[in-house]
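In: need a 3D model of the sequence below.
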Amino acid sequence: MVTIDIYKAWCKACGICVAFCPGSVLSKDELGYPFVENPEKCIKCKWCELRCPDFAITVIEDSAIEKEEKR
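Out: Numbering: from 1, shown residues only. This next block holds a predicted model:
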């Protein structure tokens with residue numbers, strides 16, 4: 001599983017992340033901002049994170065979270 005963090009304060013609702021997502025994980029809300037609609041479809045490609053011009057998206061694999069909690 002994966003956690004997709006969208007920091008809306010930095011997001012300008014350009015839609016690039018939604019357009020590049022191969023699994024249709026992200027969708028736009030009524031204001032055009034992205035939100036995670038289908039997290040189970042995420043293939044961890046990180047295209048949304050890599051293509052975001054505002055660095056507003058972070059993809060965190062749950063295994064990385066578990067490793068950090070064990071420290």
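
In: tell me where this structure has helices.
Out: With helices called from DSSP state H, the chain shows them at 16-20, 47-51, 62-70.

In: which stretch in these is the model least sure about?
Out: When mean pLDDT is averaged over each of the helices of the chain, helix 62-70 scores lowest at a mean of 61.

In: the chain: strands as residue ranges?
Out: Listed in chain order, the strands of the chain (DSSP state E) span residues 2-6, 26-28, 34-36, 57-61.

In: now tell me what touches the third one from outside.
Out: The reference is to strand 34-36. The contact list for strand 34-36 (Cβ atoms under 8 Å, 6 or more residues apart in numbering) reads 4, 6, 11, 13, 15, 17-18, 25-29, 48, 57. C-beta coordinates here come from the backbone N, C-alpha and C atoms, glycine included.

In: got it, and the second one?
Out: Outside strand 26-28, the residues within contact range by Cβ under 8 Å, 6+ apart are I4, A13, G15, C17, V18, P34, F35, V36, E37, C48.

In: nearest to E61 among the residues you listed?
Out: I4 (10.5 Å; Cβ to Cβ).

In: and the closest one, how far from K28?
Out: 14 Å (Cβ to Cβ, to the nearest Å).

In: can you pick out the residue with more neighbours from these two?
Out: Per other Cβ atoms under 10 Å, whichever of I4 and K28 has more neighbours is I4, with 21 against 14.

In: find the nearest non-adjacent residue to L31, please.
Out: For L31, the nearest residue in space outside its immediate sequence neighbours is A13; the separation is 6.6 Å by Cβ to Cβ, 6 or more residues apart in numbering.

In: many thanks, have a good one.
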